[in-house]
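Asks: All I have is the shape, not the residue letters:
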Ligand code: GLP
């Protein structure tokens with residue numbers, strides 16, 4: 001794992017955006033795995049700026065998202081589909097048909113998971129951007145007794161629902177289930193770019209890098225990936 005130290009959130013965002021932009025410049029039709037949450041928002045802003053300055057072309061890029069809440073329509077402003085449009089896609093020249101995300105309104109869960117896994121096979125990711133949940137989840141792969149292989153429907157843990165509830169009216173209104181790319185899907189990306197910011201993530205980041213590989217800390221499996229770039233700020237790295 002390569003560790004890139006950033007001063008603070010803005011510095012982390014700049015460094016992460018530079019890596020994504022380099023990937024797209026080197027291979028204009030890159031398949032980029034994209035993440036939601038507050039962590040990547042700054043990097044997305046930097047990418048938008050690069051695009052607006054004429055230095056970054058998304059016309060051949062394919063974006064494949066990690067996860068989506070079950071039960072939220074695409075036009076719900078808390079859906080991850082909406083998030084991606086709002087924070088990145090609507091501001092760059094990516095083609096709508098090149099943006100992929102699980103369908104939160106799918107009728108058949110198994111069928112939707114199968115569909116997404118087939119899609120991942122046809123679109124091997126050159127670079128997978130990841131944030132880190134407070135409990136060590138990646139995508140929405142929560143701590144568990146086993147590593148989930150393929151795309152799956154997850155029952156979110158209380159700590160995740162609590163963390164996500166800041167975006168909803170109440171805990172009750174916060175979705176309790178989500179579709180997520182599985183650990184196998186995430187690990188199949190050629191390069192993984194993990195971004196972590198803030199003191200609240202320091203302990204879990206320490207466990208991810210130095211602790212045992214265990215499904216109780218799903219992100220610890222990244223220790224087995226051959227090409228992980230961790231971009232983290234001083235606060236997040238404070239226990240390393
Ligand atoms: C959600 C997303 C994850 C994200 C995590 C951390 O659970 N499904 O992909 O990494 O939140 O969010 P934040 O970046 O806001 O701390």
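Replies: Perfect, I can see it now. Note that the structure is a prediction, hence the values are computed from the model and not measured.

Asks: C-alpha only now, for contacts and for neighbours.
Replies: OK.

Asks: what's the helix ranked longest in the chain in contact with?
Replies: Ranked by residue count, the top helix of the chain under DSSP state H comes out as helix 9-26. By Cα atoms under 8 Å, 6 or more residues apart in numbering, the list of residues contacting helix 9-26 from outside reads 5-6, 30, 40-44, 46-47, 56-58, 61, 127, 193, 195, 197-198, 231-233.

Asks: cutoff 7 Å now
Replies: For helix 9-26, contacts defined as Cα atoms under 7 Å, 6 or more residues apart in numbering pick out 6, 30, 42, 43, 46, 47, 56, 197, 231, 232, 233.

Asks: do the same with stretch 156-173
Replies: Defining contact as Cα under 7 Å, 6+ apart, one finds that stretch 156-173 is touched by 142, 174, 176, 177.

Asks: Flag every residue of this protein that's near the ligand.
Replies: 35, 36, 37, 38, 39, 130, 131, 132, 133, 138, 139, 140 (Cα under 6 Å from any ligand atom).

Asks: Just the buried residues out of the residues you listed, in PyMOL syntax.
Replies: Buried residues among those (16 or more other Cα atoms under 10 Å), as a PyMOL selection:
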select buried, resi 35+36+39+130+131+132+133+138+139+140
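
Asks: now the residues of the chain next to the ligand as JSON lines including pLDDT?
Replies: Shown next, in JSON lines, are the residues of the chain next to the ligand (pLDDT from 0 to 100):
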{"residue": "35", "pLDDT": "98"}
{"residue": "36", "pLDDT": "97"}
{"residue": "37", "pLDDT": "94"}
{"residue": "38", "pLDDT": "95"}
{"residue": "39", "pLDDT": "98"}
{"residue": "130", "pLDDT": "98"}
{"residue": "131", "pLDDT": "98"}
{"residue": "132", "pLDDT": "98"}
{"residue": "133", "pLDDT": "94"}
{"residue": "138", "pLDDT": "97"}
{"residue": "139", "pLDDT": "96"}
{"residue": "140", "pLDDT": "95"}
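
Asks: Make a markdown table out of the residues of the chain next to the ligand and add secondary structure.
Replies: Shown next, in a markdown table, are those (DSSP: H, G, I helix; E, B strand; the rest coil):
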| residue | secondary structure |
| --- | --- |
| 35 | coil |
| 36 | coil |
| 37 | coil |
| 38 | coil |
| 39 | coil |
| 130 | strand |
| 131 | coil |
| 132 | coil |
| 133 | coil |
| 138 | strand |
| 139 | coil |
| 140 | coil |
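
Asks: what about the worst-scoring helix or strand of the chain on mean pLDDT, distance to the chain center?
Replies: Ranked by mean pLDDT, DSSP states H and E, the weakest helix or strand in the chain is helix 158-164, scoring a mean of 92. How far helix 158-164 lies from its chain's middle: 17 Å, per Cα atoms, centre = their mean, to the nearest Å.

Asks: Next: stretch 89-99.
Replies: Taking mean C-alpha positions (Cα atoms, centre = their mean), stretch 89-99 and its chain are 17 Å apart.

Asks: Just the buried positions in it, please.
Replies: Within stretch 89-99, the residues that count as buried by 16+ other Cα under 10 Å are 89, 91, 92, 93, 94, 99.

Asks: Show only the entries of the contacts of stretch 156-173 found in helices.
Replies: Judged by DSSP H, helices contain none of those.

Asks: any idea which of those residues has the most stuff around it?
Replies: Of all the contacts of stretch 156-173, residue 142 has the most neighbours under the rule other Cα atoms under 10 Å, reaching 24 neighbours.

Asks: Tell me the spacing between it and residue 159.
Replies: Using Cα to Cα, to the nearest Å, residue 142 is found at 10 Å from residue 159.

Asks: Residue 5 too?
Replies: To residue 159, residue 5 is 28 Å away according to Cα to Cα.
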